[in-house]
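>>> what's the 3D shape of this:
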Amino acid sequence: MNPVDIAEPLRSRWSPSVFDAQHQLTDAEITRLLEAAQWAPSSGNRQPWRYVVAVRGSAAHRVLVPHLSRGNSGWVPRASVVFLSVVELGQDGVELSDVLIPTHDVGQASAHLTLQAQAMGLHAHQFGGFDHDAVAAGLGIPDTARVLAGIAVGVRGNPAEVSERDAERDHRERHRRPLTETAFGTWGVPWPGLAPSGRTVAERD
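Here you go, the predicted structure:
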């Protein structure tokens, strides 16, 4: 089935699990990715996003890798860099009560970074499978912030160099639930303006 008719780089974006373990990103390339996140929409221009840049082999990377889940421990370390997204929830004694909007904004910033990677000929794979508390402690994240997720970025590698399980992931067909189950006019009732195509599957590029 053909991909849905949306703009690039949204159309071709996908999340591979086979990265080239030799590929390196320049500081300028990493900065460009961070600049994409920097200019994401932000409620009140609060900009609650922070990123720990864990270049493969760096001190931050060495903190992360031992705390990856079993499912992520094979492929994440091969990426050129991992960005750990962090939400800043309180400053100068402010109560950590406003959680939803700052976390939403970090998600937007991470989406910007991910799409910038695709536009640069790179691939990004976001993940949450790691010991968040242990990583936060190892990186010195303060109590006013929370580690949310990781974004592994790099170029595609050789499937023969990874486990069969990780290689197989890159051949799975991409699925999304139909928009009738996502977009409502009133809760639970599909928005009546949805196009009739009903396409729910986008092929990999």
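>>> okay, CA-based contacts and neighbour counts for the rest of this
Fine.
>>> What is the subsequent helix or strand relative to the longest helix anywhere in the chain?
Longest helix of the chain, by residue count under DSSP state H: helix 100-119. Secondary structure here is assigned by DSSP states H and E; on that basis, the next helix or strand after helix 100-119 toward the C-terminus is strand 123-127.
>>> For that next one, list the C-alpha coordinates in CSV.
These are the backbone C-alpha positions of strand 123-127, laid out as CSV (Å, rounded to 0.1, in the frame of the first residue of the first chain):
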residue,chain,number,x,y,z
HIS,A,123,17.6,8.1,11.0
ALA,A,124,16.2,8.5,14.6
HIS,A,125,14.7,5.9,16.8
GLN,A,126,13.1,7.1,20.1
PHE,A,127,12.9,4.7,23.0
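>>> roughly how far out does it sit from the chain middle?
5 Å (CA atoms, centre = their mean, to the nearest Å).
>>> Quick one: mean pLDDT for that strand?
Across strand 123-127, pLDDT averages out at 96.
>>> State the pLDDT value of the nearest residue in space to S163 that is not next to it in sequence.
Ranked by CA to CA, 6 or more residues apart in numbering and with sequence neighbours excluded, the top spatial neighbour of S163 is G74, at 7.6 Å. Here, the pLDDT recorded for G74 equals 92.
>>> residues contacting G74?
For G74, the residues meeting the contact criterion (CA atoms under 8 Å, 6 or more residues apart in numbering) are V162, S163, D166.
>>> SS state for it?
Following DSSP: H, G, I helix; E, B strand; the rest coil, G74 is assigned to coil.
>>> That one and V65, how far apart?
Using CA to CA, to the nearest Å, one gets 10 Å for the distance from G74 to V65.
>>> Spatially nearest residue to the spatially most central residue of the chain (excluding sequence neighbours)?
Among the residues of the chain, the smallest C-alpha distance to the mean C-alpha position (CA atoms, centre = their mean) belongs to Q126, namely 3.0 Å. Leaving aside its sequence neighbours, Q126 sits nearest to I151 (CA to CA, 6+ apart; 4.3 Å).
>>> contacting residues for the one you found?
When contacts are counted by CA under 8 Å, 6+ apart, I151 is found next to V82, F83, L84, S85, S110, T114, A124, H125, Q126, F127.
>>> Now do the contacts for T103.
For T103, the contacting residues are P48, V87, taking CA under 8 Å, 6+ apart as the criterion.
>>> biggest strand in the protein by residues?
What stands out as the longest strand in the chain, according to DSSP state E, is strand 145-154.
>>> quick one: average confidence on the helix or strand just after that strand?
Going down the chain from strand 145-154, the next helix or strand is helix 164-169, by DSSP H and E. The predicted model gives helix 164-169 an average pLDDT of 73.
>>> Just the C-alpha atoms of helix 164-169, please, in PDB.
Written as PDB, here are the backbone C-alpha positions of helix 164-169 (Å, rounded to 0.1, in the frame of the first residue of the first chain):
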ATOM      1  CA  GLU A 164      18.400 -11.700  14.100                       C
ATOM      2  CA  ARG A 165      15.900 -10.100  16.300                       C
ATOM      3  CA  ASP A 166      17.100  -6.600  15.800                       C
ATOM      4  CA  ALA A 167      17.600  -7.200  12.000                       C
ATOM      5  CA  GLU A 168      14.000  -8.500  11.700                       C
ATOM      6  CA  ARG A 169      12.600  -5.300  13.200                       C
END
